[in-house]
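K.L.:
Could you look at this predicted model? Sequence included:
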Amino acid sequence: MEQTKIKPSRWYYLFSLVIIGVGVACFAVFMVFSIGGATKSLQRVVMPGDWNITLQQPGKHTIFYEYRSVVNGRSYVTDQKLQGLRGVVVSRETGKELTLAPPPANISYESGVAGYAVMEFNVDRPGVYRFAAWYPQGSGQQVVLAVGQGVGGTLTASILGGVAIMLAGFVFGGGMAVMTFIKRRRAKRAGGVVEEPRKRYEPMLDPINPD
């Protein structure tokens with residue numbers, strides 16, 4: 001019986017999986033570097049405490065609680081839920097206390113450090129601001145709070161970019177798998193491409209005839 005070779009090869013299925021895997025890997029690497037870049041500019045302080053922070057641009061700023069963080073070379077791993085801490089932001093120049101409000105959207109990140117937005121406030125002018133936080137009951141665990149501007153938008157853009165990269169891998173890899181399947185099915189229906197028939201070897205000895 002003649003053996004037929006169906007084209008394209010089944011190896012194209014493996015290539016499609018490789019493309020999808022590369023897309024997922026690129027997504028992971030892109031997210032790590034993007035989130036790291038977005039959170040690098042955050043000013044981190046250990047609370048409870050009383051600190052001076054310099055805010056260089058007017059506009060909305062966000063306070064993040066980092067339950068996994070590093071400050072001055074020291075690692076902090078705390079409860080994922082922040083409880084009982086009270087805070088204040090005051091202009092050193094005018095003495096005006098800024099209004100703290102919950103963030104309008106859930107903003108979180110996890111890449112080396114991990115945290116999420118807990119409060120936001122609006123700055124009218126650049127300058128030095130007092131940032132203090134305390135436990136009304138008098139004591140509690142040390143936690144890391146980080147202040148920054150525009151982090152939410154940067155994180156959103158990074159997530160969209162990473163998802164686009166991953167989807168591209170799925171589209172190209174999945175498309176290759178689908179086209180391979182379709183072409184192989186057509187080739188099977190058409191009879192495929194005929195290879196050289198296998199050589200048939202005749203027996204060197206005749207069967208023994210007992211008669």
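P.N.:
Nice, thanks for sending it over.
K.L.:
and the gap between the closest residue to residue 7 other than its chain neighbours and residue 178?
P.N.:
With sequence-adjacent residues excluded and distances taken as C-beta to C-beta, 6 or more residues apart in numbering, residue 7 is closest to residue 187, at 5.7 Å. Quick note: C-beta positions are derived from backbone N, CA and C, even for glycine. Relative to residue 178, residue 187 is positioned 15 Å away (criterion: C-beta to C-beta, to the nearest Å).
K.L.:
Those two: which has the busier surroundings?
P.N.:
Between residue 187 and residue 178, counted using other C-beta atoms under 10 Å, residue 187 has the larger neighbour count: 16 against 11.
K.L.:
Return the distance of that one relative to residue 17.
P.N.:
In this structure, residue 187 lies at 21 Å from residue 17, with C-beta to C-beta as the measure.
K.L.:
Equivalent analysis for residue 173, please.
P.N.:
7 Å.
K.L.:
Neighbour count: those two, which is higher?
P.N.:
Shown here are residue 173 and residue 17; by other C-beta under 10 Å, residue 173 has more neighbours (21 against 14).
K.L.:
hang on, that one in a helix?
P.N.:
Yes - secondary structure assignment (DSSP: H, G, I helix; E, B strand; the rest coil) places residue 173 inside a helix.
K.L.:
which residues touch it?
P.N.:
Taking C-beta atoms under 8 Å, 6 or more residues apart in numbering, we find residue 173 in contact with 16, 17, 18, 19, 20, 23.
K.L.:
Then residue 87?
P.N.:
Per C-beta under 8 Å, 6+ apart, neighbours of residue 87: 47, 63, 100, 119, 131, 132, 133, 134, 145.
K.L.:
And these, which is closest to residue 113?
P.N.:
Within those, proximity to residue 113 (C-beta to C-beta) peaks at residue 145, which comes in at 12.3 Å.
K.L.:
Sticking with that closest one, tell me its helix or strand.
P.N.:
strand 143-148 (DSSP states H and E).
K.L.:
Check the gap between residue 10 and residue 22 for me.
P.N.:
20 Å.
K.L.:
Neighbour count for the two, which is higher?
P.N.:
It is residue 22, of residue 10 and residue 22, that has more neighbours when counted by other C-beta under 10 Å, with 15 against 9.
K.L.:
Surely that one is in contact with residue 172?
P.N.:
No - the criterion here is C-beta atoms under 8 Å, and residue 22 misses it with residue 172 at 9.4 Å.
K.L.:
Quick check, residue 121 in contact with residue 97.
P.N.:
No - the criterion here is C-beta under 8 Å, and residue 121 misses it with residue 97 at 9.7 Å.
K.L.:
Show residues contacting the helix or strand harbouring residue 115.
P.N.:
Using DSSP H and E, residue 115 falls within strand 113-123. Residues outside strand 113-123 that contact it (C-beta under 8 Å, 6+ apart) are 39, 55, 57-70, 82, 87, 89, 98-109, 129, 144-146, 152.
K.L.:
Got a PyMOL select line for the buried ones in those?
P.N.:
A single PyMOL command selects the buried members of these (16 or more other C-beta atoms under 10 Å):
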select buried, resi 39+55+61+62+63+64+65+66+67+69+82+87+89+98+103+107+109+129+144+145+146+152
